[in-house]
Structure formats: structure tokens, C-alpha cells
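Asker: Got a predicted model here, sequence first, then my questions.
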Amino acid sequence: MEMTKVFRDRLSDVIRRPLITEKATRGIDINQYTFEVDPRAAKPDIKAAIEKMFDVKVIGISTMNPPRRSRRVGRFAGKRPQVKKAVVRLAEGNTIQLFPESEEEN
């Protein structure tokens, strides 16, 4: 899978962080994982980054690019950072370990 010029050498810049919400956690049961990605990233970029970083097979990607939300602090108005979400569907048998298993100390 070929990546665009913007992200060719910086694979970790495509995926910002996994989103852990109630809805995203329910998607893990059906092998869907939700990530916050760079707003400039295209679906082929996201697919290549996920496959290389986590060593899994991606079978589908849905992206959402909601409008920026305004924020007001006193008399100063501004905008929140741009957020793009990607819901990644993995092939059967592939998983991504979002919550590392911690060893219980006795």
C-alpha cells in the first residue's frame, strides 16, 4: 500500500491516539477500533499505518471529519483543534491490544 508524500517517512504522525469512549469500546467486540488521526490523512494512509504499526490486516475504514467546535474563555473566542476519527475494521482473528495487561503484585 502506497502512502501519500505527506506521511511517507512519518508513519506515527498518521495515528494520533486510540479513542476510548463507550461507543468505541462496544465496537471492539465486533473487531472495530476507533482512532484519532491527522486531518490530512487519507484512507490509504490510515490503512498502511495501522497495518505496519500493529501487524494486522485491515478490511475496512470509515472516517468522520466533524466541523470544528467553538470555545469561549471569558471574552476570548477561539476554535478547538481539528479532529478526524477513523473506525478501522480488522480481519477475523486479528486484534489490537489497547489495554496492556498489568501483572498483579501480591
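Answerer: Cool, the structure landed.
Asker: From residue 64, how far out is residue 57?
Answerer: Residue 57 sits 22 Å away from residue 64, going by C-beta to C-beta, to the nearest Å. Every residue, glycine included, has its C-beta placed from N, CA and C.
Asker: same check, this time on residue 14
Answerer: Distance from residue 14 to residue 64, by C-beta to C-beta: 16 Å.
Asker: Quick check: buried residues in stretch 59-70?
Answerer: By neighbour count on 16 or more other C-beta atoms under 10 Å, the buried set for stretch 59-70 is residue 61.
Asker: Oops, could you answer that again for stretch 86-102 instead?
Answerer: 86, 87, 88, 90, 96.
Asker: what's the offset of that stretch from the middle of its chain?
Answerer: With C-alpha atoms, centre = their mean, to the nearest Å as the basis, stretch 86-102 stands 11 Å off its chain's centre.
Asker: before we move on, what about stretch 52-59?
Answerer: Using C-alpha atoms, centre = their mean, the offset of stretch 52-59 from its chain centre is 12 Å.
Asker: which residues touch that stretch?
Answerer: Applying C-beta atoms under 8 Å, 6 or more residues apart in numbering, the external contacts of stretch 52-59 come out as 11-12, 15, 47, 50-51, 88-91, 94-96.
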